[in-house]
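Visitor: Okay, predicted coordinates and the sequence, questions at the end:
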Amino acid sequence: MFSEVPKRLALLVSVCVVLTVLALVVTSFSLRIVFSVLVLLTAAIIFFSRRKDTNRSNPLPDLSQSPESFAVSSLFEATMGSMREGLLVVDKDMRVVASNPAAHRLFSPTLPKLNSQRLTELTRNPAIYSAFLDGLKGVESSGIKVETHGPERQVFDLRVVPIGGNGKGPEGALGVFFDITRTERLEIIRQEFLSNVSHELRTPLTAILAFVETLETGAMEDAESSQRFLSIIRKNASRMHGLIDDILELTAIEGGNVTLRAATVELHELVAEVCASLAAKAAANGVTLVNRVEPDAAVFADSRRLEQMLTNLIDNGIKFSREGGTVTIRHEPGTRDRIMVEDNGDGIPAQHLERLFERFYRVDRARSRDIGGTGLGLAIVKHLALLHGGEVTVDSELGKGTIFSIHLPKR
Ligand code: ADP
């Protein structure tokens with residue numbers, strides 16, 4: 001049986017563990033913050049009750065002696081150790097009296113321990129210092145942004161609460177550092193995406209409005225001009241249409257809303273179908289499509305999605321080839337199946353290769369727009385390949401051509 005004190009500790013630690021699990025599993029950021037704060041408050045209560053109990057005439061049983069107390073203590077340590085949030089408790093003299101491994105990593109991984117260090121010895125950040133100082137005055141602070149400038153930049157949201165005191169003013173202050181590096185990065189990506197989408201939509205929309213206005217102000221009288229203007233309007237409208245289709249497609253794939261129906265796919269036939277659907281465009285550009293896939297070649301994939309990937313890559317091969325060029329499709333079996341789409345076009349300068357699969361990344365923005373590109377085709381191919389458990393790679397030599405390869409795992 002637990003003695004009175006470990007019983008209370010066991011209860012507190014259990015609450016702490018449950019709250020930690022909740023903080024780890026919930027997806028809502030605000031709920032996470034709420035649970036994490038509750039975890040930390042429970043941890044602080046545990047800490048201070050243990051300190052008080054140690055000071056009493058009837059102190060806590062020696063943890064190393066009692067197996068029950070040892071279990072409680074291990075559970076407590078495991079809870080603190082598994083938290084991603086850094087936890088730091090300081091006393092009235094601004095000395096660290098408790099911390100967890102996440103705080104240790106954040107402040108001074110080279111120091112053997114943080115406890116008994118002064119806060120000023122750990123950080124020179126005035127925002128952190130004044131938040132803890134406010135905590136000792138009984139004032140709660142939150143939303144303080146703390147950045148680390150090591151090799152890996154991290155961003156934290158600091159919240160400090162006063163603790164203890166029993167009406168005689170706080171005995172200490174507890175700070176929790178929420179790691180918001182990922183959330184912040186996602187927010188930047190989201191903003192960039194929105195600004196790219198707005199920009200991409202605005203260009204064709206401006207053209208459409210301008211030509212409609214020209215037609216309205218008299219150009220309609222001239223049959224030849226109005227025909228030309230209407231075809232420009234159509235071209236820009238279909239660009240917007242294509243862009244919206246690609247955005248929806250990419251959002252569905254990235255959001256995990258696309259389910260693959262993988263099966264054995266006769267590759268030669270599939271490539272032949274894609275080539276047939278792009279034959280008119282290839283002919284208009286003076287490009288020859290060559291299907292070099294063996295007649296009996298087979299891969300394991302979702303045929304509709306593989307068709308989509310090949311269409312994007314072959315279409316690019318046509319768009320970025322010179323007149324008289326060739327786009328060749330091959331298959332190389334191995335531990336993984338490799339499907340190559342090779343063109344002998346202009347090639348891509350090496351410095352662009354690393355970012356080529358990013359959304360809206362283009363080597364020549366104006367040229368891509370001019371030939372009806374959305375800048376999303378390769379991002380879609382990348383995500384579809386990843387969804388198959390494979391990847392897409394690129395090799396290119398300036399002036400010689402480009403090879404895109406889809407690597408697919410075997411069944
Ligand atoms: P886009 O709609 O512009 O084709 P993609 O995502 O399909 O968008 O391609 C991104 C960019 O990669 C293109 O704008 C182009 O600069 C470059 N690119 C793609 N495929 C080729 C290729 N076969 N040869 C040369 N450049 C290519």
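Guide: That came through fine.
Visitor: Buried residues in the host helix or strand of Thr203, which are they?
Guide: Under the criterion of DSSP states H and E, Thr203 resides in helix 181-216. Of the residues in helix 181-216, those buried by neighbour count under the rule 16 or more other CB atoms under 10 Å are Glu184, Asn196, Val197, Glu200, Pro204, Ala207, Ile208, Phe211, Leu215. (Each C-beta comes from the backbone N, C-alpha and C, glycine too.)
Visitor: is that helix anywhere near the ligand?
Guide: No: judged by CB under 6 Å from any ligand atom, helix 181-216 and the ligand are separated, with a smallest distance of 10.3 Å.
Visitor: Could you list the domains of this protein?
Guide: 4-182, 183-258, 260-411 (automatic domain parsing).
Visitor: so where do the helices sit in the protein?
Guide: 4-25, 29-55, 67-82, 101-107, 119-122, 126-136, 181-216, 223-254, 267-284, 303-319, 350-353, 365-370, 377-387 (DSSP state H).
Visitor: CSV for these, including mean pLDDT?
Guide: What follows is those, written out as CSV (pLDDT from 0 to 100):
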stretch, mean pLDDT
helix 4-25, 64
helix 29-55, 64
helix 67-82, 72
helix 101-107, 86
helix 119-122, 88
helix 126-136, 92
helix 181-216, 91
helix 223-254, 91
helix 267-284, 97
helix 303-319, 96
helix 350-353, 94
helix 365-370, 78
helix 377-387, 96
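Visitor: now for the ones you listed, which one comes closest to Leu88?
Guide: Taking CB to CB, helix 101-107 is the member of the helices of the chain nearest to Leu88, at 4.8 Å.
Visitor: elements contacting that closest one?
Guide: In terms of contacts (3 or more CB pairs under 8 Å, 6 or more residues apart in numbering; DSSP states H and E), helix 101-107 is packed against strand 86-91, strand 172-179.
Visitor: With distance to Ser142, mean neighbour count and mean pLDDT added, can I get these in a markdown table?
Guide: Output for those, formatted as a markdown table (distance: least, CB to CB, whole Å; neighbours: other CB atoms under 10 Å; pLDDT from 0 to 100):
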| stretch | distance to Ser142 | mean neighbour count | mean pLDDT |
| --- | --- | --- | --- |
| strand 86-91 | 15 | 24 | 91 |
| strand 172-179 | 9 | 25 | 92 |
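Visitor: okay, now the residue nearest to Glu200 when sequence neighbours are not counted: neighbour count?
Guide: Excluding the flanking residues, the one nearest Glu200 by CB to CB, 6 or more residues apart in numbering is Leu243, at 5.6 Å. A count of nearby residues for Leu243, using other CB atoms under 10 Å, gives 21.
Visitor: Burial check on Ala237, number of neighbours?
Guide: Residues contacting Ala237 under the criterion other CB under 10 Å number 14.
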